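> Turn this into a structure:
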Amino acid sequence: MPEGDTVWHTAAVLRQHLAGRTLTRCDVRVPRFATVDLTGQVVDEVISRGKHLFIRVGRASIHSHLKMDGSWRVGNRPVRVDHRARIILEANGIRAVGVDLGVLEIVARDRDGDAVAHLGPDLMGEDWDPARAAANLSSRPDRPIAEALLDQRVLAGIGNVYCNELCFVSGHLPTAPVGAVADPRRLASRARDMLWANRFRWNRCTTGDTRADRRLWVYGRAGQPCRRCGARIDYDDTGDRVAYWCPSCQR
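Below is the predicted model of the structure:
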């Protein structure tokens with residue numbers, strides 16, 4: 001499930017393989033942009049902003065959002081291409097394929113910031129500002145914590161995994177109001193620390209124990225014992241996002 005750290009890592013990999021290279025193939029498989037061909041132009045940079053990714057080529061910017069299932073696959077030309085491919089880029093023997101992308105569009109480079117103008121402070125970006133993020137969190141004290149954390153206008157980069165893990169480490173139920181958080185700035189800083197610690201990993205870890213079965217506190221662990229107190233992890237899958245929590249550690 002791509003979140004801000006995954007998108008940052010994806011941008012880093014794309015940048016490593018494409019930045020400074022001339023495109024020898026540009027095949028956009030989205031009807032609206034199917035006639036766009038950036039072949040012969042140089043990839044200037046690849047950046048991420050929250051969960052958004054931009055590949056800047058000349059005067060154009062390839063904007064993608066992974067949503068729930070999207071990914072970029074990068075490597076030598078044998079990288080597989082199938083019906084799920086939304087865009088194929090090649091440069092000097094490297095192939096980058098955008099698969100199942102929730103959003104794929106080609107926009108003017110000098111206007112690509114419009115797509116992310118609504119976002120709050122980027123947990124993985126140079127504009128990260130814990131004071132602003134805390135103020136955004138506190139602006140609606142009656143709002144459920146999980147709802148606020150998932151709102152990209154509050155702070156950009158948190159998905160459902162980190163949302164559940166942050167609620168656990170803060171000791172609050174996902175449905176508790178933001179006003180119950182004594183120190184919103186500390187919660188925002190913990191969010192930044194979690195994503196930053198995982199920026200070079202595909203398999204995220206929030207517990208500090210990177211073994212496969214020890215990486216997360218509550219997410220995906222319904223019915224299993226809490227790593228702190230032993231109580232069974234509870235969950236609710238009736239909403240848009242599945243929530244996990246420890247009924248003993250979280251209040």
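> List of residues touching stretch 226-239?
207, 214, 217-218, 221-225, 242-249 (Cβ atoms under 8 Å, 6 or more residues apart in numbering). Heads up, the C-betas are built off the backbone N, CA and C, glycines and all.
> Tell me the span between the first and last residue of it.
In stretch 226-239, first residue to last residue: 23 Å (Cα to Cα, to the nearest Å).
> same deal with stretch 19-31?
Its first and final residues considered, stretch 19-31 spans 26 Å by Cα to Cα.
> any chance you could map the helices in the stretch 151-251 of the chain?
Under the criterion DSSP state H, counting those that start in this stretch, helices of the stretch 151-251 of the chain are mapped to 160-170, 184-197.
> counting contacts, what elements does the lowest-mean-pLDDT helix or strand in the chain pack onto?
The helix or strand of the chain with the lowest confidence, counting by mean pLDDT, DSSP states H and E, is strand 71-76 at a mean of 92. Using 3 or more Cβ pairs under 8 Å, 6 or more residues apart in numbering; DSSP states H and E, the elements in contact with strand 71-76 are helix 4-18, strand 94-99.
> How about that strand, which residues are buried there?
72, 73, 74 (16 or more other Cβ atoms under 10 Å).
> Tell me where the model's unsure across the protein.
Along the chain, segments meeting pLDDT under 70 span 1, 77.
> Walk me through the domains of it.
Domain assignment of the chain by the TED database yields the ranges 4-116, 130-245.
> Ok, which of these comes nearest residue 123?
Nearest of the domains of the chain to residue 123, taken as Cβ to Cβ: domain 130-245 at 3.8 Å.
> And stretch 235-245, what's buried?
So stretch 235-245, judged by 16+ other Cβ under 10 Å, has buried residues 235, 243, 244, 245.
> My error: substitute stretch 33-50 in the last question.
Buried positions in stretch 33-50, judged by neighbour count with 16+ other Cβ under 10 Å: 33, 38, 43, 45, 46, 47, 48, 49, 50.
> Next, format these as JSON lines and append secondary structure and distance to residue 103.
Output for those, formatted as JSON lines (DSSP: H, G, I helix; E, B strand; the rest coil; distance: Cβ to Cβ, whole Å):
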{"residue": "33", "secondary structure": "helix", "distance to residue 103": "11"}
{"residue": "38", "secondary structure": "coil", "distance to residue 103": "18"}
{"residue": "43", "secondary structure": "strand", "distance to residue 103": "19"}
{"residue": "45", "secondary structure": "strand", "distance to residue 103": "19"}
{"residue": "46", "secondary structure": "strand", "distance to residue 103": "16"}
{"residue": "47", "secondary structure": "strand", "distance to residue 103": "16"}
{"residue": "48", "secondary structure": "strand", "distance to residue 103": "13"}
{"residue": "49", "secondary structure": "strand", "distance to residue 103": "13"}
{"residue": "50", "secondary structure": "coil", "distance to residue 103": "12"}
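> Fine by me, thanks again.
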